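> quick one, fold the following:
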Amino acid sequence: MTFFQPEGTAAGERLVQATCEKFQLSPHNLGITVLMYNTPSALDLGAANPQGFWQQKIRGWSWRGLELTYPASVIKLFYAVAVFEWLHRGMLTPSPELERALHDMLAHSSNDATGYVVDMLTGTTSGPELPPGPFETWQHQRQLVNRYFHNLGIPVYAPINVCQKTWNEGPYGRERLFYGDNMGNRNLLTTDATAHLLHSIIGGVAVNPQSSHHLRSLLQRSLDPADLAADPENQVNGFLGQALPAGAKLWSKAGWTSQVRHDAAYIERPDANALLVVVFTEGQSANTELLPFLAAQILARWN
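Prediction:
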């Protein structure tokens, strides 16, 4: 079911063991996928030949890479790709407000912007409870993004659930009912599925090269200490990007709640080949050392 050629199993298992010992956590609280490129940069590797891009299996390793996990704001990567697919098909019309929301959703991880984007993608809005008939129609519409990814026929997308907004405090009304009993309809991703999507954005094949370029412009993170100090929620400090050496470049999307701390990152380094790393952690939300530690270990092991 993986889309990469497995490599580095022994090194990966040592990484998990070292991490669990250092932070006293269960291996079941980690999900990790690492893609190892053979070039210093993988930007637009598939732009000229998308089919050839997917026919060449990239080297990779994963730990619990197919385990479904609540993704927090990492889900915004999937909504962003859907926006560009809808624009490409003429299902959405470009507008300054859509562009502003897309920017704020990815660059600043705004939940309000994400709510607007989900409304635009699905033709639904939040609000009070609905009668059974209209609510059934509303739920069908809210599954549009799910149907898009599932209908691609890509195995790693088959189990994911991509249909909920992201919240500061939580859903109410029809949104809460849509989650179902015990929040059973919450968003769910795997690190393998997330790595596949980010790999497509980096390779220039997410919708088309122009869309991929636009997406990457919203995901690129400054590593300048002054910029990081000016933005307390910079998605670098406390995440994978914190461990990068001088001269590195980073494109990423982090996610965190009171229960989880995640990051999905594509990394270019001086004098080394590029890497793509996705890490999901549960029960470690306040641990700002875990993801930088993992990144440093991965950079050292897969050089």
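> which of the residues in stretch 195-208 are buried?
Across stretch 195-208, burial judged by 16 or more other CB atoms under 10 Å covers 195-207. Heads up, the C-betas are built off the backbone N, CA and C, glycines and all.
> what does stretch 88-106 give?
So stretch 88-106, judged by 16+ other CB under 10 Å, has buried residues 92, 98, 101-102, 104-106.
> closest to Phe178 among those?
Met105 (20.0 Å; CB to CB).
> okay, that closest one and Asp192: tell me how far apart.
The spacing between Met105 and Asp192, counted by CB to CB, to the nearest Å, is 23 Å.
> what distance do you get for the residue lying farthest from the centre of the chain to Gly203?
Relative to the centre of the chain, the most outlying C-alpha is that of Pro131, 34.4 Å out, by CA atoms, centre = their mean. Going from Pro131 to Gly203 by CB to CB gives 46 Å.
> which residues of the protein fall in helices?
9-23, 50-55, 76-89, 96-107, 111-122, 132-142, 144-151, 174-179, 191-203, 209-219, 225-230, 290-301 (DSSP state H).
> got the ones you listed as JSON lines, with mean pLDDT columns?
Shown next, in JSON lines, are these (pLDDT from 0 to 100):
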{"stretch": "helix 9-23", "mean pLDDT": "95"}
{"stretch": "helix 50-55", "mean pLDDT": "90"}
{"stretch": "helix 76-89", "mean pLDDT": "98"}
{"stretch": "helix 96-107", "mean pLDDT": "98"}
{"stretch": "helix 111-122", "mean pLDDT": "98"}
{"stretch": "helix 132-142", "mean pLDDT": "98"}
{"stretch": "helix 144-151", "mean pLDDT": "98"}
{"stretch": "helix 174-179", "mean pLDDT": "98"}
{"stretch": "helix 191-203", "mean pLDDT": "98"}
{"stretch": "helix 209-219", "mean pLDDT": "98"}
{"stretch": "helix 225-230", "mean pLDDT": "94"}
{"stretch": "helix 290-301", "mean pLDDT": "96"}
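> nearest to Ala264, out of these?
Taking these one by one with CB to CB, helix 191-203 is closest: 5.1 Å.
> now the nearest residue to Phe23 once chain neighbours are set aside: how far from Glu282?
Nearest non-adjacent residue to Phe23, counting by CB to CB, 6 or more residues apart in numbering: Leu290, 5.7 Å away. Shown here: Leu290 relative to Glu282, a distance of 11 Å by CB to CB.
> so between those two, which is more surrounded?
Leu290 (22 against 17; other CB atoms under 10 Å).
> in stretch 213-221, what counts as buried?
214-216, 218-219, 221.
> roughly how far is it from the heart of the chain?
With CA atoms, centre = their mean, to the nearest Å as the basis, stretch 213-221 stands 13 Å off its chain's centre.
> got the CA positions of it in CSV?
C-alpha atoms of stretch 213-221 as CSV (Å, rounded to 0.1, in the frame of the first residue of the first chain):
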residue,chain,number,x,y,z
HIS,A,213,4.1,26.7,-7.1
HIS,A,214,1.4,28.7,-5.5
LEU,A,215,0.9,26.2,-2.7
ARG,A,216,4.7,26.1,-2.0
SER,A,217,4.8,29.9,-1.7
LEU,A,218,2.3,29.6,1.1
LEU,A,219,4.2,26.8,2.9
GLN,A,220,7.7,28.2,2.8
ARG,A,221,8.9,29.2,6.3
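> identify the bridge partners of the residue nearest to Glu7 when sequence neighbours are not counted.
Spatial nearest neighbour of Glu7, chain neighbours left out: Arg59 (4.5 Å); criterion: CB to CB, 6+ apart. Beta-bridge pairing for Arg59 (DSSP bridges): Gln5, Met36.
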